[in-house]
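**Student:** Starting from these lines, generate the structure:
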Amino acid sequence: MSTRIAFLKGHGTENDFVIVPDPENAIDLPPAAVAALCDRRAGIGGDGLLHVVRSAAHPEARHMAADAEWFMDYRNGDGSIAEMCGNGVRVFARYLQRAGHVAEGDLAVATRGGVKTVHIAKEGDITVGMGGALLPEGDVTVSVGGRSWPARNVNMGNPHAVAFVDDLAHAGDLLGPPPFSPATAYPDGVNVEFVVDRGPRHVALRVHERGSGETRSCGTGACAVAVAAARRDGIDPRVTGTPATYTVDLPGGTLVITERPDGEIEMTGPAVIVAEGEIEAEWLESALR
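**Tutor:** You can find the predicted model right below:
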């Protein structure tokens with residue numbers, strides 16, 4: 001391991017990430033190392049970690065190398081692996097732009113949830129083609145305290161349970177994962193969104209992200225919520241042939257979600273790099289002991 005490891009810190013609507021550039025996949029980042037780096041008191045702090053690797057250099061992404069040069073090897077704050085992170089993709093693209101690997105315009109990013117199309121606009125916002133949503137059949141219920149709500153099962157490459165509530169305070173402190181049933185609906189856990197209406201095609205949410213706890217924002221969660229709200233409102237662009245756009249307020253900012261008639265979901269929002277520096281390898285090795 002080198003004496004120092006470069007890192008950056010960034011966020012998308014306050015969903016924040018430690019960014020570790022590693023084009024040739026030469027840095028070993030076991031779960032304990034990721035958790036140590038994401039620790040907000042003893043580490044750098046973040047909801048997750050973006051490991052920036054060339055697709056051709058990573059065994060999980062080599063099959064996507066012809067379509068996307070760069071692979072977002074995303075990890076949750078506890079070190080576990082996640083399939084996708086919508087805010088993370090925007091921050092990942094912003095890093096690639098800052099580093100000179102890409103310019104304004106279109107690019108492709110490989111993720112465990114497939115290759116995502118990204119557009120970096122001149123005015124600064126980044127749009128990500130998030131793919132289509134899957135809506136598994138079956139009733140799901142989520143609970144907090146003595147309350148329970150029916151939830152819509154939405155999969156955006158990672159699983160979501162979307163519950164519409166009267167007040168976001170009903171979600172409680174979200175320190176632990178909200179219980180759900182049946183257990184078979186989400187064998188690997190789930191991201192849970194609690195949603196209220198703000199106006200026509202305008203909603204707000206709080207979210208407990210699997211492996212990270214309550215976060216200030218969740219991009220895939222915002223997409224799942226927009227789809228669930230549209231279906232609740234009787235809107236399906238694949239049936240009407242007309243795009244449906246929802247504004248989604250999160251604790252850390254606002255995202256605009258559009259579902260197109262072909263099923264593709266586009267997410268538009270900001271992405272900011274706030275700092276860069278070096279990780280002391282000795283500290284990291286000590287944190288792993």
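**Student:** which outside residues touch the helix or strand containing V192?
**Tutor:** Using DSSP states H and E, the element containing V192 is strand 191-199. Residues outside strand 191-199 that contact it (CB atoms under 8 Å, 6 or more residues apart in numbering): 142, 144, 151, 158-168, 170-171, 177-178, 180, 203-210, 218, 220-221, 224-225, 228-229, 247, 249. The way it works is simple: take the backbone N, C-alpha and C, and place the C-beta from them, glycine included.
**Student:** Only the buried subset of those residues, as a PyMOL command please.
**Tutor:** If you want just the buried ones from the contacts of strand 191-199 in PyMOL, going by 16 or more other CB atoms under 10 Å, the selection is:
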select buried, resi 142+144+151+158+159+160+161+162+163+164+165+171+177+178+180+203+204+205+206+207+208+209+210+218+220+221+224+225+228+229+247+249
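**Student:** Which ones among the contacts of strand 191-199 map onto helices?
**Tutor:** Among those, the members found in helices (DSSP state H) are T220, G221, A224, V225, A228, A229.
**Student:** so can I have CSV of these showing pLDDT?
**Tutor:** Formatted as CSV, these follow (pLDDT from 0 to 100):
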residue, pLDDT
T220, 92
G221, 95
A224, 98
V225, 98
A228, 98
A229, 98
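**Student:** quick check, nearest of those to E266?
**Tutor:** Of all the ones in helices among the contacts of strand 191-199, T220 has the smallest distance to E266: 12.9 Å, by CB to CB.
**Student:** List the buried residues in the strand holding V192.
**Tutor:** Quick answer for strand 191-199 (16+ other CB under 10 Å): N191, V192, E193, F194, V195, V196.
**Student:** Just give the nearest non-adjacent residue to D78, would you?
**Tutor:** Spatial nearest neighbour of D78, chain neighbours left out: G211 (4.9 Å); criterion: CB to CB, 6 or more residues apart in numbering.
**Student:** In contact with the closest residue to D249 other than its chain neighbours, which residues are there?
**Tutor:** Counting by CB to CB, 6+ apart, D249 lies nearest to A204, which is 4.0 Å off, once chain neighbours are set aside. The contact partners of A204, taken as CB under 8 Å, 6+ apart, are L168, V195, V196, R198, V248, D249, L250.
**Student:** hmm, who's touching stretch 25-34?
**Tutor:** Under CB under 8 Å, 6+ apart, the answer for stretch 25-34 is 1, 5, 20, 49, 51, 53-54, 57-58, 75-80, 284, 287-288.
**Student:** Give me the distance between the two termini of that stretch.
**Tutor:** Distance between the two ends of stretch 25-34: 15 Å, counting by CA to CA, to the nearest Å.
**Student:** thinking again about what came up before, how far away from the center of its chain is the strand holding V192?
**Tutor:** Using CA atoms, centre = their mean, to the nearest Å, the mean C-alpha position of strand 191-199 is found 16 Å from that of the whole chain.
**Student:** Relative to it, what are the paired strands and their orientations?
**Tutor:** Here strand 191-199 is paired, per DSSP bridges, with strand 159-164 (parallel), strand 202-209 (antiparallel).
**Student:** With V102 as the reference, name the closest of these.
**Tutor:** Per CB to CB, nearest to V102 of the strands paired with strand 191-199: strand 202-209, 27.0 Å.
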